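Q: just need the structure, nothing else, for what follows:
(chains A, B, C and D)
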4 protein chains.
Amino acid sequence: MRDQTEAGGDTEVFEHSIAVRWADCDPAEIAYSGRIPAWALDAIDAWWEDRSGGTGWFQLNMDRDIGTPFVRMEIDFRTPITPRHRLICRTWPSRLGETSITFRVDGYQDGALCFEGRFTSVFVTASAFAKTAPPEDLRALVEAHLRPEDAR
Amino acid sequence: MRDQTEAGGDTEVFEHSIAVRWADCDPAEIAYSGRIPAWALDAIDAWWEDRSGGTGWFQLNMDRDIGTPFVRMEIDFRTPITPRHRLICRTWPSRLGETSITFRVDGYQDGALCFEGRFTSVFVTASAFAKTAPPEDLRALVEAHLRPEDAR
Amino acid sequence: MRDQTEAGGDTEVFEHSIAVRWADCDPAEIAYSGRIPAWALDAIDAWWEDRSGGTGWFQLNMDRDIGTPFVRMEIDFRTPITPRHRLICRTWPSRLGETSITFRVDGYQDGALCFEGRFTSVFVTASAFAKTAPPEDLRALVEAHLRPEDAR
Amino acid sequence: MRDQTEAGGDTEVFEHSIAVRWADCDPAEIAYSGRIPAWALDAIDAWWEDRSGGTGWFQLNMDRDIGTPFVRMEIDFRTPITPRHRLICRTWPSRLGETSITFRVDGYQDGALCFEGRFTSVFVTASAFAKTAPPEDLRALVEAHLRPEDAR
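A: Purely as a prediction, here's the structure:
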């Protein structure tokens, strides 16, 4: 795990803000659990868009023929999510392998940790759906933002 | 239909911005049609939250026992929606009856009209699910922002 | 509008059954309105799959290069939908133009009409997203099941 | 882990069938990953409904004041999911603690394993959102269907 300070990497974790709405809540008056994984994936998509200057998953796939299908996700749910506060998803890449990447996404409301998740994708040539190493510019982009697994 | 200028009402239409994502697109590489009504409803929820200073549907229901179930929606789809631009939903109340309210929501991307919709709700006492007139403060709030049906 | 009896068309309307779940309900303890248009579209997709012997929208697009993007929807919501009964969506084509098709979808629970909708698509060559007349076999399929607008 | 044969428990695993649709697919022409956790939760809700003779999550909450919020989920994605086959979700409880329950959900298409997941909930008194032991009849119901973690 690289040392962010020495490496001159970013010191800020990307924060993706979600307006939780009535639409997202179930009769328990909290956000439905099945909604949360989709928000975490949205946060990762937003990370790519933000860190690359506009290339989210759609552009990666359509314009560069690169896909990042998920092979694993795990999420611990800590505190219920409601529409009373924005949901801030702190999102960072925590591991970059030869052909895989792991993101951490932690969701907070009003300072409280609501969920913490870990999401692993493989890089593929989208048109062939075949595993591949990411191109150099993307590898460099991820490396510049890598943070330890638990570096919240 | 009141004259906004004479009435001293707002001159700005509320704009709700949506980041369209990979998650929202179908294999035709555009946002799935079934996703669009939900975005329009989100825009109306966001209108309430913005115009009332924080009271969206969740707070209306939970804190004030007021619901606004929909009785009708109609949407014309004009241009496909993609993740390449933010989707700007121009949202305004166009009619206020004794117990009902109609919102217009028009979605734009990069200046092009993508959809135009019309959504009618009734006000209900949430706990009883019984039709009721809205309280005075909400009536005044809506009246201050009423715009003609076609006043884009 | 053709006479179904004379034409020897089907006498049965296609019924698509949906298990409404906790996941679909909002804090008002009924199915969220924004969920209903997506169910109606699912019913139309299921109509194609059922009536054609397996060719739903995915197969129409992928295997036959035919898309049916929506240009208009209108829905009247009559009665709240809950998980206590299956939602039966009676679904039929009510109009077939040169390049367009209109479906009616009416949703029932426990015998009560919950919503009634009208959905118009155009046929396109999927790869070009260009309006086109449907191929003869699809035209014949739709014609064999056409029913008047209000022939519930 | 109990022995199903000795215990006289069920020998059949509950299978929940999902019609994967165009609506569920992304531009990679497969079901969007963010959709899959929600399907797995639907399968668990359907397990309760089926095994209890009609008491899904909605009825558990509304009629019996029992909630089962999730505290953890983990899913491994094995093979892409498409609309070409029904998605069969084999679903069973694999662990029952004092106040918690773990379900396994494995999704198959055309005989191939598409995903395998593990989902842990706690039992709560719904109105108080306070952790509690499940009532005896639900404990007995779950125990009658408990299967080892890996007893596919």
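
Q: pLDDT weak spots in chain A?
A: With pLDDT under 70 as the threshold, chain A has low-confidence stretches at A:1-11.

Q: now do the helices in it.
A: A:4-7, A:36-52, A:57-64, A:136-145 (DSSP state H).

Q: how big is the angle separating the longest one from helix D:36-51?
A: Relative orientation of helix A:36-52 and helix D:36-51, computed by axes from the mean of the first three to the mean of the last three Cα atoms, to 10 degrees: 180 degrees.

Q: I'd like the helices of chain A laid out as CSV, including distance to chain C and mean neighbour count.
A: In this view, the C-beta of every residue, glycine as well, is placed from N, C-alpha and C. Shown next, in CSV, are these (distance: least, Cβ to the nearest Cβ, whole Å; neighbours: other Cβ atoms under 10 Å in any protein chain shown):
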stretch, distance to chain C, mean neighbour count
helix A:4-7, 39, 10
helix A:36-52, 12, 22
helix A:57-64, 14, 19
helix A:136-145, 29, 15
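
Q: residue A:43 reaches residue A:91, doesn't it?
A: Yes - with contact defined as Cβ atoms under 8 Å, residue A:43 and residue A:91 form a contacting pair (4.6 Å).

Q: just to revisit the earlier point, out of the helices of chain A, flag the one nearest chain B.
A: With Cβ to the nearest Cβ as the measure, helix A:57-64 is the member of these nearest chain B (3.8 Å).

Q: is it possible to get CSV of the helices of chain A that adds distance to chain B?
A: Formatted as CSV, the helices of chain A follow (distance: least, Cβ to the nearest Cβ, whole Å):
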stretch, distance to chain B
helix A:4-7, 27
helix A:36-52, 5
helix A:57-64, 4
helix A:136-145, 16
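
Q: residues near residue A:130, how many?
A: By the measure other Cβ atoms under 10 Å in any protein chain shown, the count of residues near residue A:130 is 11.

Q: OK, contacts around the closest residue to it other than its chain neighbours?
A: Leaving aside its chain neighbours, residue A:130 sits nearest to residue A:124 (5.9 Å; criterion: Cβ to Cβ, 6 or more residues apart in numbering or on different chains). Contacts of residue A:124 were listed using Cβ atoms under 8 Å, 6 or more residues apart in numbering or on different chains, and they are A:66, A:67, A:68, A:69, A:130, A:131, A:132.

Q: buried among those? Need that as a selection in PyMOL.
A: Those of the contacts of residue A:124 that count as buried under 16 or more other Cβ atoms under 10 Å in any protein chain shown are selected in PyMOL with:
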select buried, chain A and resi 66+67+68+69+132
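
Q: out of the contacts of residue A:124, who's nearest residue B:114?
A: Comparing these against residue B:114 with Cβ to Cβ picks out residue A:67 as the nearest, at 26.0 Å.

Q: my guess is that closest one contacts residue A:131, does it?
A: No - using Cβ under 8 Å, residue A:67 makes no contact with residue A:131, being 10.0 Å away.

Q: mutual contacts of these two, please.
A: What both residue A:67 and residue A:131 touch, as defined by Cβ under 8 Å, 6+ apart, is the set A:123, A:124.

Q: ok so, going back, check the contacts of residue A:124 and tell me the two furthest apart.
A: A:68 and A:130 (13.2 Å).

Q: which residues in chain A form strands?
A: Applying DSSP state E to chain A gives strands spanning A:14-18, A:66-67, A:70-77, A:87-96, A:100-109, A:112-122, A:124-125, A:130-131.

Q: what packs against the fifth one?
A: Put plainly, it is strand A:100-109. Helices and strands touching strand A:100-109, as assessed by 3 or more Cβ pairs under 8 Å, 6 or more residues apart in numbering or on different chains; DSSP states H and E, comprise helix A:36-52, strand A:87-96, strand A:112-122.

Q: kindly report the same for the longest one.
A: Judged by 3+ Cβ pairs under 8 Å, 6+ apart, the packing partners of strand A:112-122 are helix A:36-52, strand A:70-77, strand A:87-96, strand A:100-109.

Q: also the last one?
A: Helices and strands touching strand A:130-131, by 3+ Cβ pairs under 8 Å, 6+ apart: there are none.

Q: for it, which strands pair with it and how are they oriented?
A: strand A:124-125 (antiparallel) (DSSP bridges).

Q: hmm, residue A:80 and residue A:31 touching each other?
A: Yes - contact criterion Cβ under 8 Å: residue A:31 and residue A:80 qualify, at 7.2 Å.

Q: okay, these two: which has more neighbours?
A: Using other Cβ under 10 Å, the more surrounded residue of residue A:31 and residue A:80 is residue A:31, with 25 against 17.

Q: can you tell me which residues contact that one?
A: A:20, A:24, A:25, A:80, A:81, A:82, A:83, A:87.

Q: what's the answer for residue A:82, then?
A: The contact partners of residue A:82, by Cβ under 8 Å, 6+ apart, come to A:20, A:25, A:29, A:30, A:31, A:109, B:58.

Q: most centrally placed residue in chain A?
A: residue A:44 (2.7 Å; Cα atoms, centre = their mean).

Q: sorry, back to before: tabulate the contacts of residue A:124 in CSV, adding columns for distance to residue A:147.
A: Shown next, in CSV, are the contacts of residue A:124 (distance: Cβ to Cβ, whole Å):
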residue, distance to residue A:147
A:66, 22
A:67, 24
A:68, 18
A:69, 23
A:130, 29
A:131, 25
A:132, 25
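
Q: just give me the closest of the contacts of residue A:124 to chain C.
A: Using Cβ to the nearest Cβ, the contacts of residue A:124 come closest to chain C at residue A:67, 17.2 Å.

Q: wait, what's in contact with the closest one?
A: Residues counted as contacts of residue A:67 (Cβ under 8 Å, 6+ apart) are A:57, A:60, A:61, A:123, A:124, A:125, A:126, A:129, D:28.

Q: quick one: the closest residue in space to residue A:121 that isn't next to it in sequence from residue C:57, how far?
A: Once flanking residues are discounted, residue A:121 sits nearest to residue A:68: 4.0 Å by Cβ to Cβ, 6+ apart. Per Cβ to Cβ, to the nearest Å, residue A:68 is found 26 Å from residue C:57.

Q: likewise for residue A:13?
A: 40 Å.

Q: for the residue nearest to residue A:40 when sequence neighbours are not counted, list each beta-bridge partner.
A: In space, and not counting its chain neighbours, residue A:40 is closest to residue A:105: 4.3 Å by Cβ to Cβ, 6+ apart. With DSSP bridges as the criterion, residue A:105 is bridged to residue A:91, residue A:117.
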